[in-house]
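*Asks:* Turn this into a structure:
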Amino acid sequence: MYETDSPGCVVGEGAAMFVVNAEPVHAAASITAINTLHSTDADLVKQQLKIFLEKNVQPGTSIDLFLSGENGDNRTLPFYLACETVLTADTTIARYKHLTGDYDTAAAMGLWYACRILELQQIPEHMLKRESSEKGYKNILMYNNFKGLQHSFVLVKGC
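*Replies:* Predicted coordinates:
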């Protein structure tokens with residue numbers, strides 16, 4: 001799915017359910033920041049990601065994992081590649097849409113994967129696009145786009 005240079009993707013459907021509250025006791029993860037935007041300009045998305053990270057990532061803190069909503073569609077790939085250029089070379093990159101397909105709310109399943117990765121401290125090999133030599137996941141940046149127009153950035157932190 002990720003090796004073919006063609007338009008289109010595998011579609012899917014799904015649902016995710018979370019218990020969300022303000023109590024950190026027994027929490028698997030916390031969402032520390034969210035941003036969404038509408039744009040067809042990959043450079044603007046990259047610029048907005050830089051601003052998002054500057055605003056929401058504390059100095060001395062690193063993004064351990066970039067959880068990408070990349071779906072194999074060459075029309076949306078430029079957005080993901082632009083965002084990857086913002087990351088440091090030691091950031092692990094993983095993808096999940098080969099497991100879920102792409103659909104309007106696929107980012108919810110991405111959040112579920114982020115929570116599981118934070119809980120288990122491991123990523124299935126088939127999800128990895130690029131693995132860092134650094135082990136351990138505390139801070140995950142999720143990026144998803146839908147149809148090359150709707151973009152979301154979500155910072156998820158382990159508890």
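
*Asks:* where does Thr100 land on pLDDT?
*Replies:* Per-residue pLDDT puts Thr100 at 94.

*Asks:* is it true that it touches Met109?
*Replies:* Yes: the pair Thr100 / Met109 is scored as a contact, 4.7 Å apart, by Cβ atoms under 8 Å. For every residue, glycine as well, the C-beta is placed using N, CA and C.

*Asks:* between the two, what contacts are shared?
*Replies:* Residues touching both Thr100 and Met109 (Cβ atoms under 8 Å, 6 or more residues apart in numbering): Gly14.

*Asks:* and the residue positioned nearest the centre of the chain, what does it touch?
*Replies:* Geometric centre of the chain, nearest residue: Met142, 2.2 Å, by Cα atoms, centre = their mean. For Met142, the contacting residues are Leu67, Gly69, Ala107, Gly110, Leu111, Ala114, Ser152, Phe153, Val154, Leu155, Val156, by Cβ under 8 Å, 6+ apart.

*Asks:* If we use 7 Å, what do you get?
*Replies:* Counting by Cβ atoms under 7 Å, 6 or more residues apart in numbering, Met142 makes contact with Leu67, Ala107, Gly110, Leu111, Ala114, Val154, Val156.

*Asks:* Secondary structure added to those residues, as a markdown table?
*Replies:* Compiled in a markdown table, the contacts of Met142 are given as follows (DSSP: H, G, I helix; E, B strand; the rest coil):
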| residue | secondary structure |
| --- | --- |
| Leu67 | strand |
| Ala107 | helix |
| Gly110 | helix |
| Leu111 | helix |
| Ala114 | helix |
| Val154 | strand |
| Val156 | strand |
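
*Asks:* farthest-separated two in the residues you listed?
*Replies:* The most widely separated members of these, counting by Cβ to Cβ, are Ala107 and Val156 (11.3 Å).

*Asks:* distance of Met109 from Ile51?
*Replies:* Look at Met109 and Ile51: by Cβ to Cβ, to the nearest Å, they are 26 Å apart.

*Asks:* between the two, who's got more neighbours?
*Replies:* Per other Cβ atoms under 10 Å, whichever of Met109 and Ile51 has more neighbours is Met109, with 21 against 12.
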